[in-house]
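A.B. asks: For reference, the sequence and a predicted model appear below.
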Amino acid sequence: MSKQLATWLNLEVELRSCEPIEEEYCKEVPGNFLKNACSGFCSKLAEQLVSPSVTLPWILSLVGSGTGLSGMLVPLKNLGSLLPQLMVSGAIRKYPIRKFFWAIPAFLQALMVILMGLALRWLDGFPAGVAVVFLLLLFSIASGVSSVAFKDVMGKTIPKGKRGRLLAWRATGGGVLTLLFGLALYFYLQSWEPMSVILLLVGSAAALWILAGVFFSMIKEGPGATGGGRTPMQEFTAGIKYLKKDANLRNFVLARAFLMAIPLAQPFFVIIGRETTRAEFSGLGIFVIASGIAAMVSSPFWGRFADRSSRKLMLGIALFGIVNCSLVLGFMYLSPGSQSLYLFAPLILLNMMAHGGARLSRKTYLTDFAPEEERPLYIALSNTLIGCFTLLTAGIGFIAEWFSYEILLFFFMGMLMLSMLWTYRLREV
């Protein structure tokens, strides 16, 4: 049942380049499940409080940092999370006790969030934005280390039959807490000063990361296997030959790269919604509610389509994203009296749903397409190339700053059309 629930929620952990931990090193200790779940509740909510796709773009728009810096949030978050996976995942495997590679980065993430709050309190405009973007990059690097360690710790401390249940509890609990926070933000914080709400957000996120680290450090973890560690960078180097000779792999990387338009567009949707509707912080609460709903329902919704044809789902998601960008564009030309936040919020929800479908479809396709023996090579190669592409898109927000939001939306639609072209060339698996 737990495995079915995890599959329904699309909670499979990203594949690693290291060899799996043998079951003899997995020892169940009473209380570990609850401690891990509580850590997940705290960290999932904390991520939403300082989300680079929803909360931080709203805040940077509010303090006047410019859309260029807001456009860097998602690319740098992805890049920062990828770097540790490329560089240190094999090194972490050398340590028999690994829970502190999750707990200590959690404390560092709390520190980065506190520094974000101080920057927003004492700086304005462009300097505040630069500080937040830089601190987010450091935050994301710490997050990437945690992500690598989590997979090993769960493999050692949670028996095979309960891992799906744990992931389901972490995701569902975090989603419910996000919804409750969004409701509180909408109903109870309308009269607060903007800076007070900002400090509440970052202060709560920092406290939650500290709690998450404390809970995780309390997990009873015995010494584990220290062999089998390989970094994705080693796999990437070995996998270059496959990129040269496998046309389908090249098509997949290009299709996935241009499909990145969907998550890249999210911060700008938030900014467009805030600026056109002139919404206060209560409006952010509606977007947070949409984020929580999308996180809970998008993967189950798209899962049945991915099982039939992940390639066709990638095509459909790209078309879905084009339609949604067109709807946002149309919203901008409505009369001011018709530009309601309640009319715009579903567009935010649809884009988040599309993002969930994009992740699910490309993960499913790569898993089905890559040869089992060479799957780590394909994954490392794909992730590294997408990381490079993400870095190239960091300045995409300046299109809106130098030209207009309309031009930026057309740019995203062009990316999605290219994604459809390359996806069409993929072979069915």
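C.D. replies: Received, thanks. Computed from a predicted structure; not experimentally measured.

A.B. asks: For the rest of this, base every contact and every neighbour count on C-alpha atoms.
C.D. replies: Will do.

A.B. asks: Where do the domain boundaries of this structure fall?
C.D. replies: Structural domains of the chain, as assigned by automatic domain parsing, span the residue ranges 27-229, 232-429.

A.B. asks: mind putting the ones you listed in JSON lines, mean pLDDT and mean neighbour count included?
C.D. replies: Below are the domains of the chain laid out as JSON lines (pLDDT from 0 to 100; neighbours: other C-alpha atoms under 10 Å):
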{"stretch": "domain 27-229", "mean pLDDT": "82", "mean neighbour count": "21"}
{"stretch": "domain 232-429", "mean pLDDT": "84", "mean neighbour count": "19"}
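
A.B. asks: Residue 361 reaches residue 310, doesn't it?
C.D. replies: Yes. The criterion here is C-alpha atoms under 8 Å, and residue 361 meets it with residue 310 at 4.9 Å.

A.B. asks: Residue 184: what's it in contact with?
C.D. replies: Each residue near residue 184 by C-alpha atoms under 8 Å, 6 or more residues apart in numbering is listed here: residue 285.

A.B. asks: change it to 7 Å
C.D. replies: For residue 184, no contacting residues are found, by C-alpha atoms under 7 Å, 6 or more residues apart in numbering.

A.B. asks: For it, give its distance to residue 105.
C.D. replies: From residue 184 over to residue 105 the distance is 29 Å, taken as C-alpha to C-alpha, to the nearest Å.

A.B. asks: go on, residue 272?
C.D. replies: The value you get for residue 272 to residue 105, if C-alpha to C-alpha is used, is 33 Å.

A.B. asks: just checking, what's the longest helix in the protein?
C.D. replies: helix 125-157 (DSSP state H).

A.B. asks: Which is the succeeding secondary structure element to it?
C.D. replies: helix 163-188 (DSSP states H and E).

A.B. asks: angle of that following helix against helix 125-157?
C.D. replies: Between helix 163-188 and helix 125-157, the angle comes out at 150 degrees (axes from the mean of the first three to the mean of the last three C-alpha atoms, to 10 degrees).

A.B. asks: packing partners for the helix or strand just after helix 163-188?
C.D. replies: Later in the chain than helix 163-188, the nearest helix or strand by DSSP H and E is helix 194-217. The criterion is 3 or more C-alpha pairs under 7 Å, 6 or more residues apart in numbering; DSSP states H and E, and the helices and strands that helix 194-217 contacts are helix 32-49, helix 100-122.

A.B. asks: got JSON lines for those helices, with distance to residue 298 too?
C.D. replies: Output for the helices and strands packed on helix 194-217, formatted as JSON lines (distance: least, C-alpha to C-alpha, whole Å):
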{"stretch": "helix 32-49", "distance to residue 298": "16"}
{"stretch": "helix 100-122", "distance to residue 298": "27"}
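
A.B. asks: now residue 79: how far from residue 133?
C.D. replies: In this structure, residue 79 and residue 133 are 12 Å apart, going by C-alpha to C-alpha.

A.B. asks: Output the contacting helices and strands for whatever helix or strand residue 387 lives in.
C.D. replies: Residue 387 belongs to helix 375-392 when assigned by DSSP H and E. Counting contacts by 3+ C-alpha pairs under 7 Å, 6+ apart, helix 375-392 is packed against helix 73-87, helix 232-245, helix 247-259.

A.B. asks: Residue 64: which of these is closest?
C.D. replies: Closest approach to residue 64 among those (C-alpha to C-alpha): helix 73-87, 15.1 Å.

A.B. asks: Can you tell me what sits against that closest one?
C.D. replies: 52-53, 133, 136-138, 140-141, 143-145, 148, 231-233, 264, 387, 390-391, 393-394.

A.B. asks: Please apply the same query to stretch 36-44.
C.D. replies: 166, 169, 170, 173, 174, 208, 209, 211, 212, 213, 215, 216.

A.B. asks: any chance of the residues you listed in TSV, plus distance to residue 401?
C.D. replies: Formatted as TSV, those follow (distance: C-alpha to C-alpha, whole Å):
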residue	distance to residue 401
166	44
169	41
170	38
173	38
174	35
208	34
209	34
211	39
212	38
213	39
215	43
216	42
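
A.B. asks: tell me which of those residues is nearest to residue 109?
C.D. replies: residue 209 (6.8 Å).

A.B. asks: Stretch 250-267: how far from the chain's middle?
C.D. replies: 14 Å (C-alpha atoms, centre = their mean, to the nearest Å).

A.B. asks: What's the end-to-end length of that stretch?
C.D. replies: Start and end residues of stretch 250-267 are separated by 28 Å (C-alpha to C-alpha).

A.B. asks: can you tell me how far the spatially most central residue of the chain sits from residue 427?
C.D. replies: The chain has residue 78 as the residue nearest its centroid, 7.4 Å off, counting by C-alpha atoms, centre = their mean. Distance, residue 78 to residue 427, by C-alpha to C-alpha: 28 Å.

A.B. asks: Please apply the same query to residue 150.
C.D. replies: Taking C-alpha to C-alpha as the measure, residue 150 falls 34 Å from residue 427.

A.B. asks: One more: residue 222?
C.D. replies: 45 Å.

A.B. asks: element containing residue 64?
C.D. replies: Per DSSP H and E, there is no helix or strand for residue 64.

A.B. asks: Excluding chain neighbours, what is closest to it?
C.D. replies: residue 125 (4.6 Å; C-alpha to C-alpha, 6 or more residues apart in numbering).

A.B. asks: Can you report phi and psi for the residue nearest to residue 322 when sequence neighbours are not counted?
C.D. replies: For residue 322, ignoring the flanking residues on the chain, the nearest one in space by C-alpha to C-alpha, 6+ apart is residue 413 at 5.2 Å. Reported as degrees, to the nearest 10, the phi and psi values for residue 413 are phi -60, psi -40.

A.B. asks: Quote the end-to-end distance of stretch 46-53.
C.D. replies: Termini of stretch 46-53 sit 14 Å apart (C-alpha to C-alpha).

A.B. asks: Before I go, just wanted to say thanks for your time.
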